[in-house]
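A.B. asks: give me the fold of what follows.
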Amino acid sequence: MERTVIIDALKRTDFGSKINVRGWVRSRRGNKNVSFIALNDGSTIKNIQIVVDLANFSEEQLKPVTTGSCISATGTLVESQGAGQSVEIQLTELEVYGTADPEKYPLQKKGLSMEYLRTIAHLRPRTNTFGAVFRIRHNMAMAIHTYFHEHGYFYFHTPLITASDCEGAGQMFQVTTKNLYNLKYDENGKIDYSDDFFGKQTSLTVSGQLEGELAAMALGKIYTFGPTFRAENSNTPRHLAEFWMIEPEVAFIQKDELMDLEEDFIKYCVRWALANCKDDLEFLNQFVDKGLIARLESVVNTEFVRLTYTEGVNILQEAVKHGRKFEFPCEWGDDLASEHERFLVEEHFGKPVIMTDYPKDIKAFYMKINEDDKTVQGTDVLFPQIGEIIGGSVREESLDKLNAEIARRQIPMKDMWWYLDTRRFGAAPHAGFGLGFERLMLFVTGMQNIRDVIPFPRTPKTAEF
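C.D. replies: Purely as a prediction, here's the structure:
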């Protein structure tokens, strides 16, 4: 018989008809006359109840139906008598696909810690929490592609293996086929890469931005959405070594239009979650973060504050004068810490902030320098509970100014001649931003640790599964 997925089965009203569902047993309880099986197939956070009349099924038949086992259940769809569900199935045929030894199956107990579940990341999608998180993750990916498609952007695939470093050396994972036990060196004592696969030193990308800029110089507006890699030794709840980035790059827009894009895009994603992930968000709101849905709705229904870095620092210094204590200093020229960003967003304004015009020395070489020659046209979006969720800027289109900044910072550009060509041949004003997908996921799910919004987290000393 054809299978009905549980999300559809729960909506059906053709009571009395025969139905087949398949999935994993969440629980089985009952008395000497009747047994109740809660079945879930991942299509929804809700289980369907299978009612087993013990007059029709022997103990031997039901013995393998334990928590975690996989079954096919065929029966009659009936209106439910119990609270919590509108339909249930009266079982007529049972097939057990796979058993789960009750002594060994690790998802028996309630209230397992997030830390423990990371050690069994191959099984944690079967829990309510992670089922919800990963369904929302899918929906956020769909929202991102839909937004850009509807706004005329082209999805552009930038390389994962690269010989250039977008953000500054020292935090890249090297890619090599060389025998690390028998390395060749040149006359200067440096490793000779001539016999490596690509004939030069290559690494995993930290960002698709530079290649994205090239595409915007031909296609007008593009976005990338793919994995990026940072070899930072950061053991924080907000850092991963492998994460996903969304990076639009747009020709012919200025700073104000970039801020409009950042705000419109992120509101669209949050609205999509509220519209398409209702059951999962209600579960997370109840069990993970009581203020989640209210916070999501407040972001959609508010205008973001637009604030210069200098104004932000002044507000923070005023707060310090009035007794507010911060762990890190906040003098003009310092890179703001997460605690500073969250103070501005959560305590001072009570809404998201787009911060602009940062000191040039704390930002990347490609940002457009303002006329004061001290600040750049950066546009970072700061969110409650997260801090920075988007990092964006207008890009410097003048070859002379870009070259001067590269020389001042002593950035080796021998492998990036192609990037400078975009300023040499038909340069255009352009701007873009980067959004860490997992940061967005933290915000939308209310989860506290970035390791819990990606299926298999990659962090220092951890590459399990």
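
A.B. asks: tell me what the helix or strand where residue 434 lies is packed against?
C.D. replies: Under the criterion DSSP states H and E, the helix or strand holding residue 434 is strand 430-436. Applying 3 or more CB pairs under 8 Å, 6 or more residues apart in numbering; DSSP states H and E, we find strand 430-436 packed against helix 209-219, strand 242-251, helix 255-276, strand 375-383, strand 387-395. Quick note: C-beta positions are derived from backbone N, CA and C, even for glycine.

A.B. asks: now the phi/psi pair for residue 198, please.
C.D. replies: When read as degrees, to the nearest 10, the backbone of residue 198 gives phi -90, psi 0.

A.B. asks: my read is that residue 89 contacts residue 78, right?
C.D. replies: Yes - contact criterion CB atoms under 8 Å: residue 89 and residue 78 qualify, at 7.3 Å.

A.B. asks: direction included, what does the strand holding residue 434 pair against?
C.D. replies: strand 242-251 (antiparallel), strand 387-395 (antiparallel) (DSSP bridges).

A.B. asks: any idea which of those gets closest to residue 365?
C.D. replies: Within the strands paired with strand 430-436, the stretch nearest residue 365 is strand 387-395; the backing value is 10.3 Å (CB to CB).

A.B. asks: circling back: report the angle between the strand holding residue 434 and strand 375-383.
C.D. replies: Put simply, strand 430-436 runs at 30 degrees to strand 375-383, going by axes from the mean of the first three to the mean of the last three CA atoms, to 10 degrees.

A.B. asks: could you check the angle helix 255-276 makes with whichever helix or strand comes after strand 430-436?
C.D. replies: Going down the chain from strand 430-436, the next helix or strand is helix 437-445, by DSSP H and E. Interaxial angle, helix 437-445 versus helix 255-276 (the same axes, to 10 degrees): 50 degrees.

A.B. asks: and helix 437-445, what does it pack against?
C.D. replies: Helices and strands touching helix 437-445, by 3+ CB pairs under 8 Å, 6+ apart, are helix 128-150, strand 242-251, helix 255-276, helix 292-300, strand 387-395.

A.B. asks: what about the strand or helix carrying residue 310, average pLDDT?
C.D. replies: Using DSSP H and E, residue 310 sits in helix 309-321. For helix 309-321, the mean pLDDT works out to 96.

A.B. asks: list the contacts for residue 234?
C.D. replies: Contact partners of residue 234, counting by CB atoms under 8 Å, 6 or more residues apart in numbering, are residue 460.

A.B. asks: check residue 250 too.
C.D. replies: Taking CB under 8 Å, 6+ apart as the contact definition, residue 250 lies against 216, 220-221, 258, 261, 430-432.

A.B. asks: got a pLDDT number for it?
C.D. replies: pLDDT recorded at residue 250 is 98.

A.B. asks: how much space separates it from residue 141?
C.D. replies: Per CB to CB, to the nearest Å, residue 250 is found 21 Å from residue 141.

A.B. asks: count of residues packed around residue 194?
C.D. replies: Residue 194 has 8 neighbouring residues, counting by other CB atoms under 10 Å.

A.B. asks: got it, and residue 152?
C.D. replies: Residue 152 is flanked by 8 other residues according to other CB under 10 Å.

A.B. asks: and it, which of the three is it?
C.D. replies: Here residue 152 is coil, with the state taken from DSSP: H, G, I helix; E, B strand; the rest coil.

A.B. asks: pipe the helices and strands packed on helix 437-445 into CSV and attach distance to residue 346 per row.
C.D. replies: Shown next, in CSV, are the helices and strands packed on helix 437-445 (distance: least, CB to CB, whole Å):
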stretch, distance to residue 346
helix 128-150, 23
strand 242-251, 24
helix 255-276, 17
helix 292-300, 10
strand 387-395, 10
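
A.B. asks: what residues are up against residue 65?
C.D. replies: Counting by CB under 8 Å, 6+ apart, residue 65 touches 25, 28, 37, 71, 94, 96.

A.B. asks: coming back round to it: okay, and the common contacts of residue 89 and residue 78?
C.D. replies: By CB under 8 Å, 6+ apart, residue 89 and residue 78 have these common neighbours: residue 51.

A.B. asks: and the two? Which one has more around it.
C.D. replies: Legend: neighbour count by other CB under 10 Å for residue 89 and residue 78, higher for residue 89 (25 against 15).

A.B. asks: now that one: closest residue in space, sequence neighbours ignored.
C.D. replies: Counting by CB to CB, 6 or more residues apart in numbering, residue 89 lies nearest to residue 75, which is 4.3 Å off, once chain neighbours are set aside.

A.B. asks: just residue 130 next, same as before
C.D. replies: Excluding its sequence neighbours, the residue lying closest to residue 130 (CB to CB, 6+ apart) is residue 124, at 4.5 Å.

A.B. asks: still on that earlier bit, minimum distance to residue 21: which of the helices and strands packed on strand 430-436 has it?
C.D. replies: helix 255-276 (22.8 Å).

A.B. asks: against which helices or strands is the closest one packed?
C.D. replies: Other helices and strands packing on helix 255-276, by 3+ CB pairs under 8 Å, 6+ apart, are helix 128-150, strand 242-251, helix 292-300, strand 353-359, strand 375-383, strand 387-395, strand 430-436, helix 437-445.

A.B. asks: that's all I had, so thanks and see you.
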